[in-house]
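Enquirer: Need a 3D model of the following:
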Amino acid sequence: MELTTKGRYAVMAMADLASHASTDAIPLSLIAERQHLPLAYLEQIFVPLRRAGLVESARGRLGGYRLTKRACDISIAAVMAAVEEETRFTRCTDNDPRCSAATPCLTHGLWSALSEATSEFMAAVSLADVIKGGKYSATSESRRVLPSAAASRVYLDYNATAPLRREAKSAMIAALDVVGNASSVHAEGRHARGIIEAARENVARLVGAKPSEVVFTSGASEANAWVMAQPWATILTSGIEHDSVLAQARATTGDVVTISTGAEGIVRVEEIAEHVLKRGVRTPAVVALQMANNETGVIQPVAEVAAFARSHGLAMHTDAVQAAGRIPIDFASLGVDTLALSAHKFGGPKGVGALVIRDHIDLVPLLRGGGQERRRRAGTENLAAIAGFGAAASVALAELDKAAALAALRDGLEAEIRSISPRAIVVGEGASRLCNTTALALPGKLAETLVIRLDLAGIAVSAGSACSSGKVGTSHVLEAMGVARDVAEGTIRISIGPATTKDDIGAFVAAWKSIAGASALAA
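Expert: Model (predicted):
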C-alpha cells in the first residue's frame, strides 16, 4: 500500500495543529512553512477536513484553523476518511470484478486481512500519538538527517528561475557598498552610473543590441506590460504567451486577435497574414510573439513573423525571457521593435529585467516622475540588481556553446522516461525546442501529484508557469495547443541548466521509476 499525497499531507497538517493546540488558530501559511508543504494544496485539503468536523476556521485579522477536539480524540483513520484516502492493499476488494466475494483471487484472503489490520491500526492511533511525546513521534536521530537530505536535492526548474550565478552574486555584493545615486553628478554618483552602464553593455551584447536600446525594468512582466499598454488599436498575439502579455492585452480597449498555434505550439505567419490582408486590422497594431515558450520550450519563427509585420506597417514585440542565454539572439537582425528580458532566468537576481527598444521608437512611459533611463522609465535604478544582471548576462553569453551538452542531457532523460513509461508524452516533441526544456505528460496522473511526489523524493520540477503555480486548473498554454485534457492535467515541466549533471538526471529517473513505473502504477 502507498498513501497518496493528500493522505500524507492531511496527517502532517493535522499533527502540526495538534502540536500547537495550546495556541490560537494557526494560519495555513504557517503550517505550510513549518512542514514544507504547498500552501495551495493545503487549502484544498482543509475543505474536507472542516466538512468532517475535525477542524474549524477562526475569524479575525489573521484567521487560521484549530482542532475541534482534543488530539487524543482524533484518530488517523478519521483524518484519512475525511480526505477520502484509501488504506487498502492492491486492488483486491469485495466488489472488484477480478476479485469479489463470490470469486476471490488466490491471494484475496491475505490482502483483505492486511487491509483490516491496517484499518484497525489507523483507528487505534491518534494525533497525540504522532506528536512530541507520543509513541510514534519523530526521534531526534531522524530529525538530524534532514540537513543532509536537503543538501542532496536536485533542482530541475530552471525555467522558473535559475540559481544565482557566483559572478552575479559577487557583483551585487560589491555594488551594495557603492554610496552614490546614479543620477548624481559627483564622484560617488558617477561611480554608480559607471556600474549601470557597464551592465547595460553586457546585456546589450547578450542579445546583439546597442547599449542605448536597453532600458532596465523591474522584470519582464513590467517590460511586456509596458509594450502592451501602448495605445494599440489592435494586438495580434498567440494563446500560448505569458500572462504578462495576455492579461495586459485583455485589459486594453483595442481589439485582441488570437493566433492559433496548432498541436506543436507553433504560430504560422500565414495565419497572421490572413488576419491582416484578408480580414483587415485597425491600426496602429502590434504583433506580440514569444521567442520560446516557458512550458514546452517550443521556439517560434519570430524573425519570419517580424519580417511580415515590418513590411505591412505593424509593430513587433517578442518576449525573449526563456530564450536569452539558451539560444543566440541578434536584436539588430531579428527585425523586432521591442524585446523583453528577465535576469533571473539565466542566473541573475530576481526583480530586474529590461525592455530592448529599437532606436528611434518612442513608447509612452509606463512609469513617470523621474528622468532615469533617458526619461523612459522613472525610478531610482536598483544598482545591485542591475550589476548582477550584467554579470549574469556576460557569463550566459560565454556559455552559449554548452547548448549541445544540455540538449544531450535532455534527450537522454526523455529516452529513459520512455523506457519506464511507454505511455508518457513529450509535448511539442516534433518542434524545434530549447535545449533545456521537457514538457512531460503521463495521462491519468495529475501533474500536481507528480510534482509533489517528486518534491518529496528531493527533485524540484513544476507544473506549468511558476507565475501561475498557485492556480488550480489546466495550463492555458496546453489548452491553446489543443492538448487533450487528460494529457494536459498530467503534464509537468522539467527544465535543466548549466549546473545540471548526469547524476541529477539519474536521480530524476530513479524517482520517476518509483512514482510512475509499471510496478508503481499497478499498486
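Enquirer: just the helices in the stretch 101-250 of the chain please.
Expert: Using DSSP state H, counting those that start in this stretch, the helices of the stretch 101-250 of the chain run over 108-124, 127-130, 140-144, 146-151, 166-176, 187-207, 220-228, 243-251.
Enquirer: so can I have JSON lines of those helices showing mean pLDDT?
Expert: Putting these into JSON lines (pLDDT from 0 to 100) gives the following:
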{"stretch": "helix 108-124", "mean pLDDT": "80"}
{"stretch": "helix 127-130", "mean pLDDT": "89"}
{"stretch": "helix 140-144", "mean pLDDT": "40"}
{"stretch": "helix 146-151", "mean pLDDT": "44"}
{"stretch": "helix 166-176", "mean pLDDT": "95"}
{"stretch": "helix 187-207", "mean pLDDT": "95"}
{"stretch": "helix 220-228", "mean pLDDT": "97"}
{"stretch": "helix 243-251", "mean pLDDT": "93"}
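Enquirer: which one of these is the most hemmed in?
Expert: Burial among those, expressed as mean neighbours by mean count of other CB atoms under 10 Å, is greatest for helix 220-228, which shows a mean of 25. Any C-beta I mention is one placed from the backbone N, CA and C, and that applies to glycine too.
Enquirer: Which elements pack onto that one?
Expert: Counting contacts by 3 or more CB pairs under 8 Å, 6 or more residues apart in numbering; DSSP states H and E, helix 220-228 packs against helix 243-251, strand 285-288, strand 315-319, strand 338-342, strand 353-357.
Enquirer: picking that back up, can you add distance to D401 and give the helices of the stretch 101-250 of the chain back as a markdown table?
Expert: Shown next, in a markdown table, are the helices of the stretch 101-250 of the chain (distance: least, CB to CB, whole Å):
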| stretch | distance to D401 |
| --- | --- |
| helix 108-124 | 56 |
| helix 127-130 | 53 |
| helix 140-144 | 43 |
| helix 146-151 | 30 |
| helix 166-176 | 17 |
| helix 187-207 | 14 |
| helix 220-228 | 25 |
| helix 243-251 | 30 |
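Enquirer: Out of these, flag the one nearest A511.
Expert: Each of the helices of the stretch 101-250 of the chain has some distance to A511 by CB to CB; the shortest is helix 146-151, at 13.3 Å.
Enquirer: Pull the contacting residues for the closest residue to S218 other than its chain neighbours.
Expert: Setting aside the residues directly before and after it, S218 is nearest to G351 in space (CB to CB, 6 or more residues apart in numbering), at 5.9 Å. By CB atoms under 8 Å, 6 or more residues apart in numbering, the contact set of G351 is 218-219, 344, 382, 385.
Enquirer: Wait, A307 touches S333, no?
Expert: No. Under the criterion of CB atoms under 8 Å, A307 makes no contact with S333, lying 10.6 Å away.
Enquirer: Which one of the two is surrounded by more residues?
Expert: Residue environment comparison for A307 versus S333 gives the larger neighbour count to A307, 15 against 9, counting by other CB atoms under 10 Å.
Enquirer: Nearest to D503 among the helices of the stretch 101-250 of the chain would be which one?
Expert: Using CB to CB as the measure, helix 146-151 is the one of these that comes nearest D503, at 13.7 Å.
Enquirer: so how far is A391 from P443?
Expert: Using CB to CB, to the nearest Å, we find P443 at a distance of 43 Å from A391.
Enquirer: With Y9 instead?
Expert: Going from Y9 to A391 by CB to CB gives 40 Å.
Enquirer: Same drill for these two, tell me which one is more crowded.
Expert: Between Y9 and A391, counting by other CB under 10 Å, A391 is the more crowded of the two (27 against 23).
Enquirer: wait, that one sits on N202?
Expert: Yes. Using CB under 8 Å, A391 and N202 qualify as a contacting pair, with a distance of 7.2 Å.
Enquirer: Could you list the low-confidence segments of this structure?
Expert: Applying pLDDT under 70 to the predicted model, the residue ranges of the chain that meet it are 1-3, 60-62, 86-102, 138-151, 464-473, 517-523.
Enquirer: quick one, domains of it?
Expert: Per automatic domain parsing, the structural domains of the chain span 5-144, 154-160+402-522, 166-398.
Enquirer: in terms of contact, does A340 touch A225 like I think?
Expert: No. Assessed by CB under 8 Å, A340 is found out of contact with A225, at 9.4 Å.
Enquirer: Other residues contacting the helix or strand where S514 lies?
Expert: Applying DSSP states H and E as the criterion places S514 in helix 502-516. Outside of helix 502-516, the residues within contact range by CB under 8 Å, 6+ apart are 154-156, 409, 412-413, 416-417, 420-421, 424, 442, 445, 450, 453-454, 457-459, 461, 494, 496, 520.
Enquirer: and Y65, how far is that from A32?
Expert: Relative to A32, Y65 is positioned 12 Å away (CB to CB).
Enquirer: Neighbour count for the two, which is higher?
Expert: More neighbours sit around Y65 than around the other of Y65 and A32, counting by other CB under 10 Å; the figures are 23 against 19.
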